[in-house]
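K.L.:
Return a 3D structure for these sequence lines:
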Amino acid sequence: KLQPITNTATVMAPPPSTVNLGSCIAGVPVTLHYSFFILLILYFVDAFISYRTDYPMFMVFVLVLYGPVLFLTILVHEFGHALTTKKLGGSVGGIVLWPLGGFALCGPTDALSGDLKVALAGPLTHVPMGFIWWAIYAGVTGGKQGLWPEWTVYLDILSSGAAGFFEILSAQAFWLNIYLLGFNLFLPAYPLDGGRIYAACLILIFKMKSQTAAMVTAMTAMLIASGMIIYAIATFLTRTAGSGLLLGLVGVFVFYQSYELLAAAKRNELGNHPIFGRQCYQSSGTTGDTSSSSVGGGGGGQEQEIEAEAAEVPAQTDEAVMV
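P.N.:
Next comes the predicted model:
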């Protein structure tokens, strides 16, 4: 018999190898993994090798887009998850930023519909962020280039001066948010946001049992991950796209996590799983007897006695970022 996860207080701490950035927003601690800037370094080295002579401003563009812009974009996304969790009575231990994006250390909410809301909250933050960057683009160009930002990075415009630089930067930041919105909202790749939304809908709408939903979710994600890896290898070999490396890394991550989920579901060992082991998943979307502990300022529900062995709740892994 599956045992519900009931103890949320024991894991509300960031993993090792992180730098504490403080907790100035709603008391939620934010930490930065030491490897966060690895991808920035790789992109910068590639830009340095390819464009340092003819278009040196492209190196500055890479530093800004994949540095502070991407950092703030991920951070706002994660706060969408964290603040929604707190609003619904769950526990939030912090936010960790790492090379493939970020994840929030969140305890479970009382109902599967609440967990679905938490999963949706992150991707939906890209709507206002995208609008802000669109407004900056429209203001910089004055509508002369049209109101819809260009997807292509025009190196001559980028190098023409401050106005050209911010035109390209705002356009790419706009598309970054559109891309992350679509990727995290509509791609059912567990354990990313889309995969969690997909799993919750399988239970809520199609009335699947938790074990069946886990197997369907895992197999769907493994197919998607295989496609991502194949595409990444193809773009690397043909040099037709610059994001193949990151896409491939995300694909490997998704495939591994989904394979582990599928294996656990086949063994009927989902009881301690960070997502499918939650009471709200096991009870097929009905309000479970879970309780949340207030950690780092998070709101807690009323403590309830549950006859189940207390288990640690791993961090809920979140979206991966690809540009």
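K.L.:
Could I get the full set of helices for the stretch 201-323 of the chain?
P.N.:
Counting by DSSP state H, counting those that start in this stretch, the segments of the stretch 201-323 of the chain that form helices are 210-238, 244-266, 279-282.
K.L.:
and residue 74, which of those is closest to it?
P.N.:
Set against residue 74 and scored by C-beta to C-beta, the helices of the stretch 201-323 of the chain come closest in helix 244-266, at 13.4 Å. Using the backbone N, CA and C atoms, a C-beta is placed for each residue, glycine as well.
K.L.:
about what we covered before: highest mean neighbour count out of the helices of the stretch 201-323 of the chain?
P.N.:
helix 279-282 (a mean of 25; mean count of other C-beta atoms under 10 Å).
K.L.:
That one packs against which elements?
P.N.:
Judged by 3 or more C-beta pairs under 8 Å, 6 or more residues apart in numbering; DSSP states H and E, helix 279-282 is in contact with helix 112-124, helix 210-238.
K.L.:
With distance to residue 282 and mean pLDDT added, can I get the ones you listed in TSV?
P.N.:
Listed next are those as TSV, based on distance: least, C-beta to C-beta, whole Å; pLDDT from 0 to 100:
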stretch	distance to residue 282	mean pLDDT
helix 112-124	10	94
helix 210-238	5	93
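K.L.:
where does the stretch 101-250 of the chain have low pLDDT?
P.N.:
Applying pLDDT under 70 to the stretch 101-250 of the chain flags residues 108, 239-243.
K.L.:
ok, back up a step: could the helices and strands packed on helix 279-282 go into TSV alongside distance to residue 251?
P.N.:
Conversion of the helices and strands packed on helix 279-282 to TSV gives the following (distance: least, C-beta to C-beta, whole Å):
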stretch	distance to residue 251
helix 112-124	19
helix 210-238	3
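K.L.:
what about the ones you listed, which gets the closest to residue 84?
P.N.:
Nearest to residue 84, of all the helices and strands packed on helix 279-282, is helix 112-124, at 3.8 Å by C-beta to C-beta.
K.L.:
relative orientation of the closest one and helix 210-238 in degrees?
P.N.:
Put simply, helix 112-124 runs at 20 degrees to helix 210-238, going by axes from the mean of the first three to the mean of the last three C-alpha atoms, to 10 degrees.
K.L.:
Same question for helix 112-124: list its buried residues.
P.N.:
Of all the residues in helix 112-124, those buried under the rule 16 or more other C-beta atoms under 10 Å are 112, 114, 115, 116, 117, 118, 119, 120, 121, 122, 123, 124.
K.L.:
Next secondary structure element downstream of that helix?
P.N.:
helix 126-141 (DSSP states H and E).
K.L.:
packing partners for that following helix?
P.N.:
Counting contacts by 3+ C-beta pairs under 8 Å, 6+ apart, helix 126-141 is packed against helix 70-87, helix 162-186.
K.L.:
Mind listing residues that contact the first one?
P.N.:
Outside of helix 70-87, the residues within contact range by C-beta atoms under 8 Å, 6 or more residues apart in numbering are 25-26, 28, 30, 36, 40, 91-92, 95, 97, 101-104, 106-107, 109, 117-119, 121-126, 129, 173, 176-177, 180, 184, 297-299, 316, 318-319, 321, 323.
K.L.:
which of these are buried?
P.N.:
Among the contacts of helix 70-87, those scoring as buried are 28, 30, 36, 40, 91-92, 95, 97, 101-104, 106-107, 109, 117-119, 121-126, 129, 173, 176-177, 180, 184, 298, 316, 318-319, 321, 323 (criterion: 16+ other C-beta under 10 Å).
K.L.:
tell me the most buried of the helices and strands packed on helix 126-141?
P.N.:
It is helix 70-87: most buried of the helices and strands packed on helix 126-141 by mean count of other C-beta under 10 Å, with a mean of 22.
K.L.:
give the contact list for the nearest residue to residue 218 once chain neighbours are set aside.
P.N.:
In this structure, residue 218 finds its nearest non-sequential neighbour in residue 262, 3.7 Å apart by C-beta to C-beta, 6 or more residues apart in numbering. Contacts for residue 262 (C-beta under 8 Å, 6+ apart) come out as 214, 215, 218, 219, 222.
K.L.:
Count the residues that sit near residue 60.
P.N.:
Residue 60 is flanked by 16 other residues according to other C-beta atoms under 10 Å.
K.L.:
does it sit in a helix or strand, and which one?
P.N.:
Counting by DSSP H and E, the element that carries residue 60 is helix 57-64.
K.L.:
buried sites along that helix?
P.N.:
Using 16+ other C-beta under 10 Å as the test for burial, helix 57-64 gives 57, 58, 59, 60, 61, 62, 64.
K.L.:
Out of the residues you listed, which comes closest to residue 192?
P.N.:
Top of the list for closeness to residue 192, among those and by C-beta to C-beta, is residue 62 at 24.6 Å.
K.L.:
Could you find the closest non-adjacent residue to the closest one?
P.N.:
Distances taken as C-beta to C-beta, 6+ apart place residue 47 nearest to residue 62, at 4.6 Å, with adjacent residues excluded.
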